[in-house]
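Enquirer: sequence unknown, structure follows:
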């Protein structure tokens, strides 16, 4: 809009009488196009480097910079873009020849139309590609939960499992035929350094994604109570690194604990602190179990085991398989995509209106010419 307003007030009345393309206002200095093209290429290259090497806000800023570079590069290549568009139109016979003549008569309008389409296409590719990358990355992190035949929780699979299960349920489920082992786990909310976090209690052999992301040495240290692990985003928020001390407020006072590792764990809302289950229970006076992972004995039918465990677990607790657990962990990401998809739809609609407006104007402004051509054709 600013560029259009500048062009309007830049043109002197006498210059407006000149044919299109002849006026001084219609000519763009060569140095300006070259500078725009070189700058655009530099921004593209820098953005690619940032996206590949950086994480977080820097990569999003680089992705946004690509849109600006796209406009600048399109400005630098206005003449080739218009020529290519006209050449493409000529492929379609006599109708295309007429369209090509119209394109060459109004190069700036054609450039604006092409750039509108490019912006819509780039936005579509960026948003859908980002969503797909996010889903595939998160699925790779959460994949271990799908290997567990049966999960038991007081919460549905698409919610944080923070509500306690009935006492003695673990022993009751362990007695179900076909159950090889029952692994207990617990989750809960806490405040660390003024930040609300999720506490994740580990037991040996758990399929918890945060626990599976650790190497064997760190797993042993966590289960032994020698420290905790943090999701990477929480470590950045609290400004702590692996090997440093973290102060945690508990019902028994402030506890100093070593941060054993920062894990690139997908946290949709808040950060996560992982620790041994026994340590979590003793520090936070919460001797409860919020999840049960049930491993099947060799030769056991997973569907039958799921049905048997469901009969053994009292209502209103939830029993589901590993695939349902994985889908539940992905649910918050699908919800967050609604905003991105809304932006994408808005951009596409605006581009469609702009194209309709351009095509309508190109017809209304040429009514006399089209009428003469119809008469000649008749």
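Expert: Happy to help now that I have it. This structure is a prediction, so every number in the text was calculated from the model and none was measured.

Enquirer: now the host helix or strand of residue 46: buried residues?
Expert: Secondary structure from DSSP states H and E places residue 46 in helix 30-53. By 16 or more other CB atoms under 10 Å, the buried positions in helix 30-53 come out as 33, 36, 37, 40, 43, 44, 47, 50, 51. For the C-beta atoms, the positions are set from N, CA and C on the backbone; glycine is no exception.

Enquirer: who are the contact partners of the residue nearest to the first one when sequence neighbours are not counted?
Expert: Spelled out, it's residue 33. Among residues not flanking residue 33 along the chain, residue 76 sits closest, at 4.6 Å (CB to CB, 6 or more residues apart in numbering). Residue 76 is in contact with 33, 34, 36, 37, 40, counting by CB atoms under 8 Å, 6 or more residues apart in numbering.

Enquirer: quick check: residue 76 vs residue 122, distance?
Expert: 17 Å (CB to CB, to the nearest Å).

Enquirer: show me where this structure has strands.
Expert: 150-153, 179-192, 195-202, 228-231, 245-250, 253-263, 271-276, 291-296, 318-320 (DSSP state E).

Enquirer: same for the third one, what does it pack against?
Expert: Think strand 195-202. strand 179-192, helix 209-212, helix 216-223, helix 232-238, strand 271-276, helix 277-283 (3 or more CB pairs under 8 Å, 6 or more residues apart in numbering; DSSP states H and E).

Enquirer: show me what counts as buried in the fourth one.
Expert: It stands for helix 232-238. 232, 233, 234, 235, 237, 238.

Enquirer: what residues sit buried inside stretch 205-219?
Expert: Buried residues in stretch 205-219 (16+ other CB under 10 Å): 206, 207, 208, 209, 210, 211, 212, 213, 214, 218, 219.

Enquirer: sorry, that was for stretch 154-161
Expert: 154, 155, 157, 161.

Enquirer: do stretch 128-144 as well
Expert: In stretch 128-144, counting by 16+ other CB under 10 Å, buried: 131, 134, 138, 139, 141, 142, 144.

Enquirer: and what of stretch 294-306?
Expert: Those would be 294, 295, 296, 300, 305, 306, for stretch 294-306 by 16+ other CB under 10 Å.

Enquirer: got it, and stretch 105-124?
Expert: Quick answer for stretch 105-124 (16+ other CB under 10 Å): 105-107, 109-111, 113-116, 118-120, 123.

Enquirer: average pLDDT across that stretch?
Expert: The pLDDT scores in stretch 105-124 average 83.

Enquirer: what sits up against that stretch?
Expert: 20-21, 66-67, 70-71, 74, 78-79, 81-82, 85, 103, 343-344, 347-348, 351-352, 354-355, 358, 361-362.

Enquirer: pull out the buried members of those.
Expert: Buried, going by 16+ other CB under 10 Å: 66-67, 70, 74, 78, 81-82, 85, 103, 344, 347, 351, 354, 358, 362, out of these.

Enquirer: which helices and strands sit right next to the longest helix anywhere in the chain?
Expert: Across the chain, the helix with the greatest residue count (assigned by DSSP state H) is helix 322-364. Here helix 322-364 touches helix 107-142, strand 150-153, going by 3+ CB pairs under 8 Å, 6+ apart.

Enquirer: in TSV, list those along with distance to residue 201.
Expert: As requested, those are arranged in TSV below (distance: least, CB to CB, whole Å):
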stretch	distance to residue 201
helix 107-142	18
strand 150-153	14
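
Enquirer: ok, which of those comes nearest residue 277?
Expert: strand 150-153 (15.1 Å; CB to CB).

Enquirer: quick one: that closest one to chain centroid distance?
Expert: Relative to its chain's centre, strand 150-153 lies at 28 Å (CA atoms, centre = their mean, to the nearest Å).

Enquirer: which residues touch it?
Expert: 145, 157, 161, 163, 165, 169, 173, 290-294, 296, 302, 305-306, 309, 313, 317-322, 324-325.
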